[in-house]
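1. Here's a sequence, model it:
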Amino acid sequence: MSTATLPASSTATGPAAAFARDGFYLARGMFAARIPELEREFDRICAQLDQSGQDTNARWPGSASDLVNGSGRVVQHTHNVQRYSAVWAQVWYDRAYLDMTEQFLGPDIIMHHTKLFRKPAEKGAAFPMHQDWSYFPTLKDTNLAAIVHVSDATDDMGCLRVHPGSHLSGRMADSSGMGDITEVQRRFPLETATPVECKAGDVVFFHSLTVHGSRINTSQRMRKTVLCQMYAGHDQIDPKAPGHIDEHLVLHGWNHHMTRDLAAE
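-> Numbering: from 1, shown residues only. The predicted model follows:
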C-alpha cells in the first residue's frame with residue numbers, strides 16, 4: 001500500500017483544505033446557468049448513441065457489481081464528450097471550473113479523458129465501492145475526477161457515495177470494483193458511505209484514491225452526469241499502466257512530460 005500524494009497542503013484553507021482532508025469537494029452551482037444548453041447537448045449525444053446500434057451499457061461485471069445490482073440494471077456510457085460536441089469541449093476551459101481545479105492540482109492541468117453516464121429511472125445500475133487509480137495510475141497520484149451534474153442527483157437516483165478520508169489509506173489492492181468482492185467493499189461498504197446529493201450545475205471533485213460508488217437509480221427520474229478525469233502537469237501516467245483512452249489535453253498551464261511520440265498518439 002502506497003501513501004497518497006495529495007495535490008493540496010493540509011494547512012491550506014477553503015476548498016483545498018476540504019479536498020485534502022476528505023478526498024472530495026462539492027462546488028455548488030458552477031454550471032447552473034448553462035444547464036439548458038448542456039442538457040440539450042447531453043441528450044443529443046445519447047440520441048446518437050441510441051441510433052448507433054452499439055452496446056453502450058457500462059454496468060460492471062463481477063460478483064461485487066452483482067451484489068449491489070441484481071439483474072436488469074443498465075447505465076449508458078461513452079468516453080470523450082468533447083469529441084461529439086463543441087459545447088462540451090468548451091466546458092473544460094470554463095474560467096470558474098479551472099480556477100477551482102487549480103486549487104487541487106496547481107496551475108498545470110491535464111485532461112486524461114471525459115465520460116458520460118446516463119442512469120435511467122428505476123433500473124439505473126449501481127457501481128460497487130472502488131478506487132479509480134488502478135485504471136489510469138499517475139506516478140505522483142495527483143489524478144482526480146470532476147463530475148458535472150447535468151441533472152439533479154439524489155440518493156434514490158443513484159448519486160455518488162464516498163467514504164470521506166479514505167484516500168489517506170493510499171492505493172489498495174484489488175480496488176477496481178470490476179471483479180469479485182474484495183477487502184475494499186468489506187472495509188468501505190456502500191451502505192455506510194456518504195451520499196453526495198447534487199443539483200443540476202453542481203460539480204463534485206474527488207481524488208483517484210477516494211473510495212466511492214453509487215446505488216441503483218430507483219427513482220422516477222433519469223440521472224445525467226459527465227465526468228472529467230485530470231492530473232497535474234508535473235505528473236504523468238505510469239508507463240507500466242494498462243492502456244486506456246488518454247487525451248493528453250492541456251486545460252491550463254503546461255504538460256511537463258509531453259514528447260513528440262506522445263503528441264502523435
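
2. Identify all contacting residues around the lowest-mean-pLDDT helix or strand in the chain.
-> In the chain, no helix or strand scores lower on mean pLDDT, DSSP states H and E than helix 63-69, which sits at a mean of 84. The list of residues contacting helix 63-69 from outside it, by Cβ atoms under 8 Å, 6 or more residues apart in numbering, reads 59, 125-128, 177-182, 185, 190, 213, 215-216. For the C-beta atoms, the positions are set from N, CA and C on the backbone; glycine is no exception.

3. In terms of helices and strands, where is Met230?
-> Met230 belongs to strand 223-232 when elements are defined using DSSP states H and E.

4. helices and strands around that strand, which ones?
-> Packing partners of strand 223-232 (3 or more Cβ pairs under 8 Å, 6 or more residues apart in numbering; DSSP states H and E): helix 35-52, helix 95-105, strand 109-119, strand 144-149.

5. quick check: angle from the second one to strand 223-232?
-> For helix 95-105 and strand 223-232, the angle between their directions (axes from the mean of the first three to the mean of the last three Cα atoms, to 10 degrees) works out to 50 degrees.

6. for helix 95-105, which positions count as buried?
-> Tyr97, Leu98, Met100, Thr101, Glu102, Gln103, Phe104, Leu105 (16 or more other Cβ atoms under 10 Å).

7. just the longest one next, same as before
-> In terms of neighbour count (16+ other Cβ under 10 Å), helix 35-52 has its buried residues at Ile35, Leu38, Glu41, Phe42, Ile45, Cys46, Leu49.

8. Pretty sure Ala200 is one of the things the first one touches, is it not?
-> Yes - with contact defined as Cβ atoms under 8 Å, Ile35 and Ala200 form a contacting pair (4.7 Å).

9. Any chance you could list residues touching both of these two?
-> Val150.

10. on that earlier part again, closest one of the contacts of helix 63-69 to His244?
-> Closest approach to His244 among the contacts of helix 63-69 (Cβ to Cβ): Met178, at 13.1 Å.

11. Wait, that closest one touches Phe127, no?
-> No - because the distance of 9.6 Å does not satisfy Cβ under 8 Å, Met178 is recorded as not touching Phe127.
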